[in-house]
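Enquirer: would you be able to build a 3D model of this:
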Amino acid sequence: MSARPEPTPEQVRRWRGYLADERAEAAVYRDLAARRQGEDRAILLELADAERRHETHWLDLLGHHADAPTRVGLRTRLLGLLARRFGAVFVLALLQRAEARTPYDDERDATPQMAADERIHEEVVRSLAIRGRNRISGTFRAAVFGANDGLVSNLALILGVGAAGVEPQAVLFTGIAGLLAGALSMGAGEYVSVSSQRELLTASTPSEASRQALHRIDLDANEVALVYRARGLAEAEARLEADALLAGLQGTSRLPAQEVDVETVGTPWGVALSSFAFFASGALIPVLPWLLGLSGVVAVVLAAVLVGLALLFSGAVVGLLSGTSMVLRALRQLAIGFGAAAVTYLLGLAFGAMTG
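Expert: Model (predicted):
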């Protein structure tokens, strides 16, 4: 058997990078598994084992070259830091993106099985991330909506009033009034909205009295199949489901419910407080220059810069958690926010010209 040819310096450098990343990603999965229970923990440990198989491949190729220290990529180091410091939802979202950007599709020294593994890992991580996204979706929606509404509406309000030619103190008071009014309005509106939505979804859940009635029903002549048909099943399929349900009356019997999850909507108080807090924090940013005693063009430019950075950040977070492009979501958020503010500023200029 012929000896394996000596790898080139470029191959050694590349393989060492892959080896370091595989080791670091396996450590991230183990860190996450240490803080989870049940099936999630088992799945994360399986993913760590898969990364270890990939690590073995690069160790075999490197041979004695694997003894030298390897430098972990910045992205993988960031994943490890987040896994130890922050919630699993953000880390899983980053891992999903990392697995999707696998270099093994175009890497001639990686096996086809390794490239396929990474694609499957992306879907496994996506499935794990869905659970966390569902848990925070209601409050997260309110937080993002509240923060962006505060940023854009108060910036637009301040620019519009400032463009009309009023004194800096009037601009400051307008911004503070807009912050308080908007935050209270957002909190109250979200409380009513989420309460109503939860009540509508709860109305789709079978009642306890109906569930108890299953134990007294006539097994030969009953309307249980009609419940399934009303939920959208065909007649034959509804009959099979009803028979299976009635055959298991000794266990936990329950009538079919619509596919709704009240918890993904969020709690009324949680969403209301989140909306209030994030609107207020967003609306405070464009007011900061006037709070610091600035005025005129300097205050306007600084407010626009601060709001622009905040919009870019919030858009990037949305892109991260939704598994889409962080850059595109950030730019979209910036364009929408500045577009609304620009319209209000132009209207303020027009109003000031008419009254001047």
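
Enquirer: correct me, but Asn154 touches Gly182?
Expert: Yes - between Asn154 and Gly182 there is a contact under Cβ atoms under 8 Å: 6.9 Å. Every C-beta, even on glycine, is put in place using the N, C-alpha and C of the backbone.

Enquirer: which neighbours do the two have in common?
Expert: The overlap between the contact sets of Asn154 and Gly182 (Cβ atoms under 8 Å, 6 or more residues apart in numbering) consists of Ala283.

Enquirer: the more surrounded of the two?
Expert: Neighbour count, other Cβ atoms under 10 Å: between Asn154 and Gly182, Asn154 has more, with 30 against 22.

Enquirer: look up phi and psi at Gln37.
Expert: phi -130, psi 160 (degrees, to the nearest 10).

Enquirer: just for the stretch 251-356 of the chain, where's the confidence low?
Expert: 251-266, 321, 323, 352-356 (pLDDT under 70).

Enquirer: what ranges does it have for its helices?
Expert: 268-284, 288-291, 296-322, 326-355 (DSSP state H, counting those that start in this stretch).

Enquirer: how much space between Glu46 and Ser185?
Expert: Separation of Glu46 from Ser185 (Cβ to Cβ, to the nearest Å) stands at 48 Å.

Enquirer: and Asn148, by the same measure?
Expert: 15 Å.

Enquirer: who's more crowded, these two?
Expert: The residue with more neighbours, out of Asn148 and Ser185 and counting by other Cβ under 10 Å, is Asn148; that gives 22 against 14.

Enquirer: look at Glu51 and report its pLDDT.
Expert: On pLDDT, Glu51 comes in at 90.

Enquirer: again, but for Gly150
Expert: 91.

Enquirer: which ones are touching it?
Expert: Contacts of Gly150 (Cβ under 8 Å, 6+ apart): Leu179, Gly182, Ala183, Met186, Phe278, Phe279, Ala280, Ser281, Gly282, Ala283, Leu284, Ile285.

Enquirer: okay, the residues you listed in CSV with distance to Thr8 next?
Expert: Shown next, in CSV, are the contacts of Gly150 (distance: Cβ to Cβ, whole Å):
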residue, distance to Thr8
Leu179, 61
Gly182, 62
Ala183, 61
Met186, 60
Phe278, 53
Phe279, 57
Ala280, 58
Ser281, 53
Gly282, 53
Ala283, 58
Leu284, 56
Ile285, 52
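
Enquirer: from these, pick the one nearest Asp40.
Expert: Phe278 (28.6 Å; Cβ to Cβ).

Enquirer: low-confidence ranges in the stretch 101-250 of the chain?
Expert: Judged by pLDDT under 70, the stretches of the stretch 101-250 of the chain that qualify are 131-142, 200-224, 226-228, 231, 246-250.

Enquirer: show me where it has helices.
Expert: Using DSSP H, counting those that start in this stretch, the helices found in the stretch 101-250 of the chain span residues 112-163, 168-202, 208-213, 224-230, 235-247.
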